[in-house]
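Student: Just to be clear, the model below is a prediction. Sequence and coordinates:
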Amino acid sequence: MTDTLSSLDDLRRALAAAPGADAAARTAAEDRNAQLTKPPGALGRLEELAIWYAGWRGDARPQLRAPQALVFAANHGVTKQGISAFPAEVTAQMVENFRHNGAGINALAGHVGCAMSIHPIQLDRPTADFSEGPAMSETELLEALNIGWQAVDPAADLLITGEMGIGNTTSAAAISHALFGGEAADWAGRGTGLDDAGVALKARVIASAVALNAPKTGFETLRCLGGREVAAMAGAIARARTLRIPVILDGYICSAAAACLAAEVPAALDHAVAGHASAEVAHPALLARLGKAPLLTLGLRLGEGTGAAVAINLLAAALAAHNGMATFAEAGVSEG
Ligand SMILES: Cc1cc2ncn([C@H]3O[C@H](COP(=O)(O)O)[C@@H](O)[C@H]3O)c2cc1C
Ligand SMILES: O=C(O)c1cccnc1
């Protein structure tokens, strides 16, 4: 697989040609799961999670040894419309905080032994205000996609992607509205803490941005309404798909990035599960459009990859049960 995407067509082709999960490993994991000392299905979604992971790892009893967290940061021209409760300077300030290990994702990725790296992307060059025209040129989009594409460690056995970018819940909402329709207000949430008047303004900005840009494809939606960190997340999730690295999706922004891939190639997210439903009001609806049921609903509204990092605990638990439990035969327990 190429290390650099030379065009959007290149990415589309790579996604369309990406291998699926290993059917034999998946079947072997299902067989093992059926023999474990519990009533069938008694570990609920933990069973599903272990089998999903086994299929994508190509191993009926996989270990989780090398999870990777990628956090991308960028600035958004649309912040000048007053759509965030925080000023755009916070993006760069938080990048310093990530570097000093002080952010939520540092603590939560560290807790599960997940390697984390921070990738600021041209913080001094915000994308264009998408309420006035496309956020990025095709060249800028491709650059950002490549940053994500190249950041994935081919030796990782799990990927989570996170972001930092003041204004990016407006980008996520605009992407969702463009891809899935409805009213702009259905997709606009409080983000970092807007009041009702702030959310109403945000919905108006989203409505006019989508009407003005009117993107017709997933990649056009990402180019017109995304941001550099949103595109980098999409690039990383896509690369993981081509490398068969399983992904746990994070919140609203991560899911919107992923949705742009699925709009291009429906199987693009087959390797991904939804870590959580965030408190951002439209995140559950977005996940439903993607056909993903969230593992957790904890009221998180931080982004950065934090919800996905918390969900790694569930994957670890699922694998502990799957790999560690005795079978009926081993334990001499009668099957029903
Ligand atoms: C201190 C701080 C740390 C954060 N970490 C993630 N976000 C989250 O909030 C931002 C999106 O919300 P909005 O669209 O309302 O600006 C993103 O940067 C997201 O990652 C943060 C926000 C703040 C203020
Ligand atoms: O859903 C998210 O990831 C989210 C929600 C609010 C603010 N930042 C991120």
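Tutor: In hand now; what should we look at? Ligands and ions are numbered 1, 2, ... in the order given.
Student: Count the neighbours of the residue in the chain that ligand 2 sits nearest to for me.
Tutor: The nearest approach of the chain to ligand 2 comes at G251, 2.0 Å away (C-beta to the nearest ligand atom). Just so you know, the C-beta spots here come from the backbone N, C-alpha and C atoms, and that holds for glycine as well. By other C-beta atoms under 10 Å, the residues close to G251 number 31.
Student: Grab the nearest non-local neighbour of it.
Tutor: Spatial nearest neighbour of G251, chain neighbours left out: S278 (3.8 Å); criterion: C-beta to C-beta, 6 or more residues apart in numbering.
Student: Would you report the backbone torsion angles of that neighbour?
Tutor: Dihedral angles of S278 (phi, psi; degrees, to the nearest 10) stand at phi -80, psi 180.
Student: Quick one: residues contacting it.
Tutor: D250, G251, Y252, G299, L300, R301, G303, G307 (C-beta atoms under 8 Å, 6 or more residues apart in numbering).
Student: All the strands of the chain, residue numbers only.
Tutor: 67-73, 115-120, 158-164, 247-249, 272-274 (DSSP state E).
Student: In CSV, list these along with mean neighbour count and distance to ligand 2.
Tutor: Formatted as CSV, those follow (neighbours: other C-beta atoms under 10 Å; distance: least, C-beta to the nearest ligand atom, whole Å):
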stretch, mean neighbour count, distance to ligand 2
strand 67-73, 27, 12
strand 115-120, 19, 16
strand 158-164, 30, 8
strand 247-249, 28, 10
strand 272-274, 26, 11
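Student: related to what we said a few turns ago, look at the residue of the chain closest to ligand 2 and report its pLDDT.
Tutor: You'll see G251 listed with a pLDDT of 99.
Student: what about Q93, neighbour count?
Tutor: Quick note: Q93 (other C-beta under 10 Å) scores 12 neighbours.
Student: roughly how far apart are it and A279?
Tutor: 23 Å (C-beta to C-beta, to the nearest Å).
Student: And A24, by the same measure?
Tutor: The spacing between A24 and A279, counted by C-beta to C-beta, is 40 Å.
Student: Those two: which is more packed in?
Tutor: Using other C-beta under 10 Å, the more surrounded residue of A24 and A279 is A279, with 17 against 11.
Student: Output stretch 83-93 as PDB - backbone C-alpha positions only.
Tutor: Extracted in PDB, the C-alpha atoms of stretch 83-93 (Å, rounded to 0.1, in the frame of the first residue of the first chain):
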ATOM      1  CA  ILE A  83     -20.100  29.800  17.000                       C
ATOM      2  CA  SER A  84     -18.000  28.600  19.900                       C
ATOM      3  CA  ALA A  85     -18.100  29.500  23.600                       C
ATOM      4  CA  PHE A  86     -14.300  29.600  23.600                       C
ATOM      5  CA  PRO A  87     -11.800  31.700  21.600                       C
ATOM      6  CA  ALA A  88      -9.800  30.200  18.800                       C
ATOM      7  CA  GLU A  89      -6.500  30.700  20.700                       C
ATOM      8  CA  VAL A  90      -7.500  27.800  22.900                       C
ATOM      9  CA  THR A  91      -6.600  25.400  20.100                       C
ATOM     10  CA  ALA A  92      -2.900  26.300  20.200                       C
ATOM     11  CA  GLN A  93      -2.900  26.500  24.100                       C
END
